[in-house]
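Mind folding the following:
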Amino acid sequence: MDNAIADLTTAIKLNPTLEKAYIHRGNTYKQAQYIEKSIEDYSNAIKLNPYLELVFIDRGIAYKEIEFIENALADFNSAIALNEKNANSYLHRGGVYLQMKEYNKAVSDFSSAIKLNDKLSVAYQCRGMAYANLKRHHEAICDYTTAIKQNPKDP
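This is a model prediction of the structure:
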(Lines give C-alpha, C1' and ligand atoms only; values in the text may rest on other atoms or scores of the structure.)
Protein backbone atom coordinates (compact mmCIF):
# COMPACT_ATOMS: atom_id res chain seq x y z
CA MET A 1 0.00 0.00 0.00
CA ASP A 2 2.87 2.35 0.79
CA ASN A 3 4.25 1.84 -2.73
CA ALA A 4 0.89 2.73 -4.25
CA ILE A 5 0.68 5.89 -2.16
CA ALA A 6 4.24 6.84 -3.14
CA ASP A 7 3.57 6.22 -6.84
CA LEU A 8 0.37 8.23 -6.76
CA THR A 9 2.09 11.03 -4.87
CA THR A 10 4.75 11.14 -7.59
CA ALA A 11 2.07 11.25 -10.27
CA ILE A 12 0.35 14.14 -8.49
CA LYS A 13 3.64 16.03 -8.17
CA LEU A 14 4.26 15.59 -11.88
CA ASN A 15 0.72 16.64 -12.80
CA PRO A 16 -1.37 18.15 -9.97
CA THR A 17 -4.45 18.24 -12.22
CA LEU A 18 -4.82 14.43 -12.35
CA GLU A 19 -8.13 14.03 -10.55
CA LYS A 20 -7.98 10.23 -10.87
CA ALA A 21 -4.64 10.16 -9.04
CA TYR A 22 -6.23 12.01 -6.12
CA ILE A 23 -9.19 9.63 -6.18
CA HIS A 24 -7.00 6.50 -6.23
CA ARG A 25 -4.71 7.83 -3.53
CA GLY A 26 -7.78 8.80 -1.48
CA ASN A 27 -9.12 5.27 -1.84
CA THR A 28 -5.73 3.85 -0.83
CA TYR A 29 -5.52 6.15 2.19
CA LYS A 30 -9.03 5.09 3.17
CA GLN A 31 -8.10 1.41 2.94
CA ALA A 32 -5.09 2.12 5.16
CA GLN A 33 -7.39 3.91 7.64
CA TYR A 34 -5.86 7.35 6.99
CA ILE A 35 -9.32 8.84 6.81
CA GLU A 36 -8.36 12.52 7.07
CA LYS A 37 -5.84 12.12 4.24
CA SER A 38 -8.45 10.36 2.11
CA ILE A 39 -10.86 13.25 2.69
CA GLU A 40 -8.17 15.72 1.63
CA ASP A 41 -7.55 13.82 -1.61
CA TYR A 42 -11.24 13.46 -2.37
CA SER A 43 -11.61 17.20 -1.77
CA ASN A 44 -8.77 17.92 -4.20
CA ALA A 45 -10.41 15.73 -6.83
CA ILE A 46 -13.72 17.54 -6.33
CA LYS A 47 -11.98 20.92 -6.68
CA LEU A 48 -10.66 19.74 -10.04
CA ASN A 49 -14.02 18.32 -11.11
CA PRO A 50 -17.11 19.21 -9.04
CA TYR A 51 -19.26 16.69 -10.97
CA LEU A 52 -17.70 13.58 -9.45
CA GLU A 53 -20.79 12.05 -7.86
CA LEU A 54 -19.00 8.89 -6.71
CA VAL A 55 -16.24 10.90 -5.04
CA PHE A 56 -18.86 12.84 -3.08
CA ILE A 57 -20.17 9.45 -1.90
CA ASP A 58 -16.68 8.24 -0.97
CA ARG A 59 -15.89 11.45 0.90
CA GLY A 60 -19.28 11.32 2.62
CA ILE A 61 -18.55 7.78 3.81
CA ALA A 62 -15.15 8.93 5.08
CA TYR A 63 -16.72 11.89 6.91
CA LYS A 64 -19.26 9.53 8.47
CA GLU A 65 -16.44 7.25 9.68
CA ILE A 66 -14.91 10.12 11.66
CA GLU A 67 -18.31 11.33 12.88
CA PHE A 68 -18.42 14.53 10.78
CA ILE A 69 -22.11 13.91 10.23
CA GLU A 70 -23.07 17.30 8.79
CA ASN A 71 -20.24 17.08 6.24
CA ALA A 72 -21.31 13.55 5.31
CA LEU A 73 -24.90 14.72 4.87
CA ALA A 74 -23.77 17.60 2.64
CA ASP A 75 -21.75 15.23 0.45
CA PHE A 76 -24.59 12.75 0.05
CA ASN A 77 -26.89 15.67 -0.83
CA SER A 78 -24.38 16.74 -3.47
CA ALA A 79 -24.18 13.22 -4.88
CA ILE A 80 -27.98 13.05 -5.13
CA ALA A 81 -28.09 16.47 -6.79
CA LEU A 82 -25.62 15.19 -9.40
CA ASN A 83 -27.45 11.89 -9.97
CA GLU A 84 -30.89 11.17 -8.56
CA LYS A 85 -30.74 7.61 -9.91
CA ASN A 86 -27.96 6.24 -7.68
CA ALA A 87 -29.47 4.06 -4.96
CA ASN A 88 -26.23 4.13 -2.95
CA SER A 89 -26.47 7.89 -2.42
CA TYR A 90 -29.89 7.48 -0.83
CA LEU A 91 -28.72 4.46 1.14
CA HIS A 92 -25.81 6.36 2.66
CA ARG A 93 -27.80 9.52 3.32
CA GLY A 94 -30.45 7.37 4.94
CA GLY A 95 -27.73 5.93 7.18
CA VAL A 96 -26.80 9.45 8.24
CA TYR A 97 -30.43 10.26 9.02
CA LEU A 98 -30.67 7.01 10.98
CA GLN A 99 -27.61 8.03 13.00
CA MET A 100 -29.15 11.49 13.55
CA LYS A 101 -32.36 9.80 14.77
CA GLU A 102 -34.32 11.44 11.95
CA TYR A 103 -36.21 8.24 11.31
CA ASN A 104 -38.86 9.55 8.92
CA LYS A 105 -36.17 11.02 6.66
CA ALA A 106 -34.26 7.76 6.91
CA VAL A 107 -37.35 5.78 5.86
CA SER A 108 -37.83 8.10 2.89
CA ASP A 109 -34.24 7.69 1.72
CA PHE A 110 -34.17 3.92 2.21
CA SER A 111 -37.46 3.73 0.29
CA SER A 112 -35.88 5.75 -2.54
CA ALA A 113 -32.90 3.39 -2.58
CA ILE A 114 -35.25 0.39 -2.73
CA LYS A 115 -37.28 1.98 -5.52
CA LEU A 116 -34.08 2.38 -7.53
CA ASN A 117 -32.70 -1.06 -6.63
CA ASP A 118 -35.11 -3.50 -5.02
CA LYS A 119 -32.32 -6.09 -4.62
CA LEU A 120 -30.43 -3.88 -2.15
CA SER A 121 -31.03 -6.01 0.95
CA VAL A 122 -29.15 -3.63 3.25
CA ALA A 123 -31.69 -0.90 2.38
CA TYR A 124 -34.50 -3.14 3.64
CA GLN A 125 -32.52 -3.94 6.78
CA CYS A 126 -31.82 -0.25 7.47
CA ARG A 127 -35.38 0.81 6.70
CA GLY A 128 -36.49 -1.91 9.11
CA MET A 129 -34.36 -0.30 11.82
CA ALA A 130 -35.87 3.10 11.10
CA TYR A 131 -39.39 1.63 11.20
CA ALA A 132 -38.60 -0.12 14.50
CA ASN A 133 -37.45 3.18 16.00
CA LEU A 134 -40.73 4.74 14.83
CA LYS A 135 -42.60 1.89 16.58
CA ARG A 136 -43.90 0.74 13.19
CA HIS A 137 -43.17 -2.86 14.05
CA HIS A 138 -45.19 -4.56 11.32
CA GLU A 139 -43.33 -2.65 8.58
CA ALA A 140 -40.01 -3.34 10.34
CA ILE A 141 -40.71 -7.08 10.39
CA CYS A 142 -41.69 -7.03 6.71
CA ASP A 143 -38.44 -5.27 5.79
CA TYR A 144 -36.30 -7.57 7.93
CA THR A 145 -38.01 -10.56 6.33
CA THR A 146 -37.30 -9.23 2.84
CA ALA A 147 -33.66 -8.55 3.75
CA ILE A 148 -33.26 -12.11 5.06
CA LYS A 149 -34.90 -13.63 2.00
CA GLN A 150 -32.63 -11.63 -0.31
CA ASN A 151 -29.47 -12.36 1.61
CA PRO A 152 -29.94 -15.30 3.98
CA LYS A 153 -26.21 -15.62 4.76
CA ASP A 154 -25.89 -12.02 5.99
CA PRO A 155 -25.67 -12.00 9.79
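
from here on, contacts and neighbour counts on C-alpha atoms
Noted.

Break the chain into its domains for me.
Per automatic domain parsing, the structural domains of the chain span 1-83, 102-155.

what is the mean pLDDT for the first one?
Read it as domain 1-83. Averaged across domain 1-83, the pLDDT comes to 96.

Also the last one?
Rounded to a whole number, the mean pLDDT of domain 102-155 is 96.

Measure how far the helix or strand containing residue 62 is from the centre of its chain, please.
Per DSSP states H and E, residue 62 falls inside helix 53-65. What separates the centre of helix 53-65 from the centre of its chain is 5 Å, taken as Cα atoms, centre = their mean, to the nearest Å.

That helix packs against which elements?
When contacts are defined as 3 or more Cα pairs under 8 Å, 6 or more residues apart in numbering; DSSP states H and E, helix 53-65 sits against helix 35-48, helix 69-82, helix 87-99.

looking at those helices, which is closest to residue 24?
The closest of the helices and strands packed on helix 53-65 to residue 24 is helix 35-48. By Cα to Cα, the value is 8.7 Å.

What residues of that closest one count as buried?
35-46, 48 (16 or more other Cα atoms under 10 Å).
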